[in-house]
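Undergrad: One predicted model, sequence on top.
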Amino acid sequence: MKLKTKFLLMLAVIVTVVSSCSKDNYDPERQLAEDDALISEFITKNNIPAIKHSSGLYYQIITPGTGASVNETSYVGVNYEGKFLNGNVFDKSTSITKFYLTEVIEGWTKGVPLIKVGGRIRLIIPSTLAYKNQSRGSIPANSVLDFTIDLLQAQ
């Protein structure tokens, strides 16, 4: 009985050690480089006059807007459409959607303040500024996202 107990205890220790040694192979720097290559190819192929933000986000200001400026903590109302780089729509607002920019993905937090109320912007967001290596509903892990956003309100 003692031998069996020692064996089970040893087996439990080995399983714990081995499982704790398994690493998440996610490397954000490598993923950003992969995303950047995909985005560069996409904007070149589709003739999109996008600008690269210091964060790694690509953006195209379609209409700058003439209303109030917003910042990364503003409460905003928007209409938007989100697509993958293959053009498939994964989300689209059906009415004004309101939220604090601190409550959304980092790509939006960085990108939306680049326009004023009344403006429209296209954000091509690397996965490292979106959902990273996590799946979210119909959005697979490590997905580059392409949003068109109309900034309608700000408080």
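TA: Sure, I can see it. Computed from a predicted structure; not experimentally measured.
Undergrad: And for stretch 65-72, what's in contact with it?
TA: Residues outside stretch 65-72 that contact it (C-beta atoms under 8 Å, 6 or more residues apart in numbering) are 76, 101-102, 109-110, 112-113, 115-120, 151, 154. For every residue, glycine as well, the C-beta is placed using N, CA and C.
Undergrad: What is the end-to-end distance of it?
TA: 17 Å (C-alpha to C-alpha, to the nearest Å).
Undergrad: Please point out which parts of it sit buried.
TA: Residues of stretch 65-72 classed as buried by neighbour count (16 or more other C-beta atoms under 10 Å): 65, 70.
Undergrad: Distance from the chain centre to it, please.
TA: Between the centre of stretch 65-72 and the centre of its chain there are 22 Å (C-alpha atoms, centre = their mean, to the nearest Å).
Undergrad: same thing with stretch 28-36?
TA: When distances are taken as C-alpha atoms, centre = their mean, stretch 28-36 is centred 13 Å away from the chain's centroid.
Undergrad: List the buried residues for that stretch?
TA: By neighbour count on 16+ other C-beta under 10 Å, the buried set for stretch 28-36 is 31, 32, 34, 35, 36.
Undergrad: Quick one: mean pLDDT over stretch 31-49.
TA: On average, the pLDDT along stretch 31-49 is 97.
Undergrad: got any ranges where this structure has weak pLDDT?
TA: 1-24 (pLDDT under 70).
Undergrad: Let me see the ranges of the helices in it.
TA: Listed in chain order, the helices of the chain (DSSP state H) span 2-21, 28-45, 106-111.
Undergrad: list the contacts for residue 123?
TA: Residue 123 is in contact with 57, 58, 59, 107, 108, 111, 112, 145, 146, 147, 149, counting by C-beta under 8 Å, 6+ apart.
Undergrad: Out of these, list just those in strands.
TA: 58, 59, 145, 146, 147, 149 (DSSP state E).
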